[in-house]
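> below are the sequence and a predicted model for it; my questions follow.
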Amino acid sequence: MFAVQKKRRSRGMTLIEIMVVLVILGLIAGAIGYNVFNQLKEAQVRTATLDLKAISNGVDLYHVETGQWPDGLTQLVPKYIKDLHKDPWGSDYAYVRTGEGYDVYSYGPDKAQGGGDDITVHGGEGTPTATK
């Protein structure tokens, strides 16, 4: 018996095959990244809303105990709120007294008043309401 051995050439990946794989991986990474950043934005808005509601509760407690509205948010620390930190975008929360109560707000991701992304909690007359 005579065995014939064929020489096999080792075949590597061509440049086009490598590029196709990289494009597919890039599309997958892009889809995942888009979803992650979208969830991050929603989480930041929810965090700011919860912080504003906590500040609003502190303002209401201050009003109940003293009969007056505070002049600023620093008057609430540490008795009415544990600490006063910045919003998720690195800006200070704001407080404004209005004729019928007060507003506490964050300027949102654009860090400027207006623009449709401000987050506000109005309080002082009944139940506080949150708006975005």
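Right, received. Where do you want to start?

> three-state assignment of Tyr102?
strand (DSSP: H, G, I helix; E, B strand; the rest coil).

> name the element Leu61 belongs to?
Assigned by DSSP states H and E, Leu61 falls within helix 15-66.

> elements contacting that helix?
Contacts defined by 3 or more CB pairs under 8 Å, 6 or more residues apart in numbering; DSSP states H and E place helix 15-66 against strand 101-106, strand 119-123, strand 129-131. Just so you know, the C-beta spots here come from the backbone N, C-alpha and C atoms, and that holds for glycine as well.

> nearest residue to the residue nearest the centre of the chain in space, please, no chain neighbours.
Closest to where the C-alpha atoms of the chain average out (CA atoms, centre = their mean) is Gln44, at 1.2 Å. Excluding the flanking residues, the one nearest Gln44 by CB to CB, 6 or more residues apart in numbering is Pro88, at 3.9 Å.

> confirm for me that the one you found is in contact with Glu42.
No: between Pro88 and Glu42 there is no contact under CB atoms under 8 Å: 11.0 Å.

> which of those two has more neighbours?
When Pro88 and Glu42 are compared on other CB atoms under 10 Å, the one with more neighbours turns out to be Pro88, at 19 against 10.
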